[in-house]
Structures are given as structure tokens and as C-alpha cells.
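Peer 1: Return atomic coordinates for the entry below.
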Amino acid sequence: MPHTSILLIFPAAVAVAAILAKAFMAPRTRIHTSVLAVKTLLNPPDIPISALLRARSIPNQRLVKALGISSTFVSDDPGIHDVFTREAKVLITAVSAKDGWSRLVDVAETCVNRFLDAESLDFATFVQSVTLSIVLAGLLGTDIEDLDPADVAFVTKAINDRWAQSKSSTALTTEVLDRINHHIIRWVPGRTNPLNLIIPAYETMWRVAAIAVVYSNRNCLLRDAFISYNENPTDDQFRAFENEGTGAQPSVEAIVSEVLRLHPPTRHITRAVVVPWWKRPFVPSVDVADVEEAQKSLLFGSDPESFNPMRFHVSHSAPTRDQLYAFGHGKLKCVAASWAPPAAAVITAKIMAKLDGIAFRLQEGPRIGKREGWEGWSIERL
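Peer 2: Numbers count the residues shown, from 1 in each chain. Purely as a prediction, here's the structure:
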């Protein structure tokens, strides 16, 4: 009888142990889709900055191996956060002042012209190469002549591939990262780990510009807005709606805001749930702000699934760009949230000026891509 009891108890104990192990180790994800839930997750009340940084850094550890970054996005150290924020603000301030902005606009035009001469005119490769070159030359002072198109295209593709692979179980070799850093260090000498600054600027901006080009290429009113901005890239022109009343036409700011709303470059923002070990079986291990879904709420106006920049016109009682969550929210909101939209608009404007149907035109693929999915899209020489 005792042996029988042991035989019965042992499998039960194993089963309980397996259940507990699964409860403690299996990631459990809670997804937030409402505007209020997303806002609360990204800016929880009465939480110190150190706890916010820790919740952000844990899900981002995959980027350490993938891209070798060591910035505030992968660290819970408030000191690292402060250094990164100060450094980014210095760079943004320098290119936001009148002379700095004029130089950035000139750099953008030079980069667009340079990569239109590249052997490949794959659309995604082109926009990626232009954007990375503008970040390097416009923000970090790289000599444009040092940016060989083939090397730039390799780096952009490698960054994209490694970012995607970091989300899967694909093994990441160091060889590709070493090749990325070989080029980056050559382009930006004397700066510790330049990818810390390059990645957040490049990763967001190229997709915003690419999608803005797609919609503007399809709509003459949107095209006209960017052509006007290309000719007069000022804050006033960025915000200007043409005409009034029922004849109002969208501003460049409204177009970029609608891209950020309907196609946010950061579709999901993940936070780790950090609790004592004994609470882990009872709470999710990961909270996800589904920015893409939240921004399709009726709070953003009627027919939220459609692309309509005029929803940002005052006559529509529309949201403002500050009410979008593509750049995060609260204490950890992207430091470039105000600068990036006009910068992406400059890239878009310079590209649209070239897609005139005379020298170049955009050949569309089957669907608008995200980080991936741009197969079939190209720029054709006429």
C-alpha cells in the first residue's frame, strides 16, 4: 500500500511542478488597444523613472545582440538615459536653428540626387539609403562623398534584417554586425557606438517618408502640399492648410500626422511587468501598447481605417499630432517627437520633387509595406 501511494503521489507532484514551472516561466502578454489604456501604460502615475526604464529595457535586450546598442533603450540606468537625452537634444537643436535647418534641407536634396544615380532603384532601398545618409550627414557630420551607395544599401538592409531576426529564434552571427560597425565607425569616427543615435532616427523616419511618398504620389493635393514645402521648408508652410472652408487642402503636417496615425512606425510598444517572484504566476509578464489599433479609434474621427489627413483640420474637431502615440508618451516619449515629422517631410518633399512623371516615376507594388513587405515597389527612370 505505501508503494502504491508513492506511485500515485509522484506523478501528481510532477504534474504540479510542471504547471508551476509553466506559470513562472511562460511569457504571458496583455495587449492594450484603447487610447486610455495605451496612455496609462506608457505614462503610469507615480512611477519613478528608474522603474519605467527597467520596464522598457527588458523587452529590448534582443537589440543588444542584434545591433550592439547600449543606449537608454536597452538600459535601466538613469545616468545613461540622461546622457543619451542630452546628446540627442544637442544634435536636434543644432539642426533646428535656421542655419542648421537650411543645411539639413540641402543635405536631403544632395542625398536624394546621389541615390537616384545608384544602380538599384528598389523603392525601399532608395528611401532607406537616403534617410540613413541624411541622419549621418545632416545630424552627425559625415562627409556625403564618403557614403558609397553600395555600402549604405548593405548597412540599411543588414539593420533591417537583424531587427527582424531579433524577434525570432534565428541565430545572429557577429560577422554581419562587425561589417555594419566597420562602415559606421568609418563614417562617424571619434564617437562611441554611433548606432545608439543612428538607429532611433533612421528606423522611424525612413518608413514615415516612404509611406508619405506613396500617398502623395496617388493624390495631387497631397503632392502639391509637398511641392510647396519643398520650395519653402518653413514651420509656417509645414502647418499651412491651403484655402479655407470646404475647399481646404491638407497641410504637410496633417499628411505626416495621418501617416503616423494609420501606419505608426512603432506599432507596438512593450513593457515588462516587474513584480516580486511570488506574484509572477498571477500577473502578465509583458504589457503591450497596441498603438496601431488604438489610433484607429473613433476618437480620431469618422472612418478611422481610411487615410484622411483632413481629419487634422480644425473644422473636423480633430486630434493634434501631440495626441498620437507613435513616438510614445509620458516621461519616455521620444526626444525627437517634434523634430522628426518636419524632417521626414523634407525627405518626402525632396523625393516627390523628383517623381515628376518626366524623369522618374514610382512603380507600385501589391501593398504598402512596413519594415518589410515592399516587394514590387521601385522608382523607374523615364
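
Peer 1: got the residue ranges for the helices in the stretch 201-350 of the chain?
Peer 2: Along the stretch 201-350 of the chain, counting by DSSP state H, counting those that start in this stretch, helices occupy 220-231, 235-239, 252-262, 291-294, 340-354.

Peer 1: does R381 really touch G357, like I thought?
Peer 2: No: R381 is beyond contact range of G357, at 11.9 Å (criterion: Cβ atoms under 8 Å). Any C-beta I mention is one placed from the backbone N, CA and C, and that applies to glycine too.

Peer 1: Overlap of the contact sets of the two?
Peer 2: Here R381 and G357 have no joint contacts, going by Cβ atoms under 8 Å, 6 or more residues apart in numbering.

Peer 1: Can you get me a residue count around the residue nearest to E242 when sequence neighbours are not counted?
Peer 2: Spatial nearest neighbour of E242, chain neighbours left out: Q249 (4.0 Å); criterion: Cβ to Cβ, 6 or more residues apart in numbering. For Q249, the neighbour count with other Cβ atoms under 10 Å is 19.

Peer 1: And Q249, what's its pLDDT?
Peer 2: Model confidence at Q249, given as pLDDT, is 90.

Peer 1: Quick check: which of the helices of the stretch 201-350 of the chain is buried the most?
Peer 2: helix 252-262 (a mean of 26; mean count of other Cβ atoms under 10 Å).

Peer 1: what's that helix packed up against?
Peer 2: Packing partners of helix 252-262 (3 or more Cβ pairs under 8 Å, 6 or more residues apart in numbering; DSSP states H and E): helix 195-218, helix 220-231, helix 235-239, helix 340-354.

Peer 1: switch the cut-off to 10 Å
Peer 2: In terms of contacts (3 or more Cβ pairs under 10 Å, 6 or more residues apart in numbering; DSSP states H and E), helix 252-262 is packed against helix 195-218, helix 220-231, helix 235-239, helix 291-294, helix 340-354.

Peer 1: Could you dump the ones you listed into a markdown table with distance to T29 and mean pLDDT added?
Peer 2: Below are the helices and strands packed on helix 252-262 laid out as a markdown table (distance: least, Cβ to Cβ, whole Å; pLDDT from 0 to 100):
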| stretch | distance to T29 | mean pLDDT |
| --- | --- | --- |
| helix 195-218 | 23 | 96 |
| helix 220-231 | 37 | 96 |
| helix 235-239 | 38 | 95 |
| helix 291-294 | 14 | 96 |
| helix 340-354 | 28 | 97 |
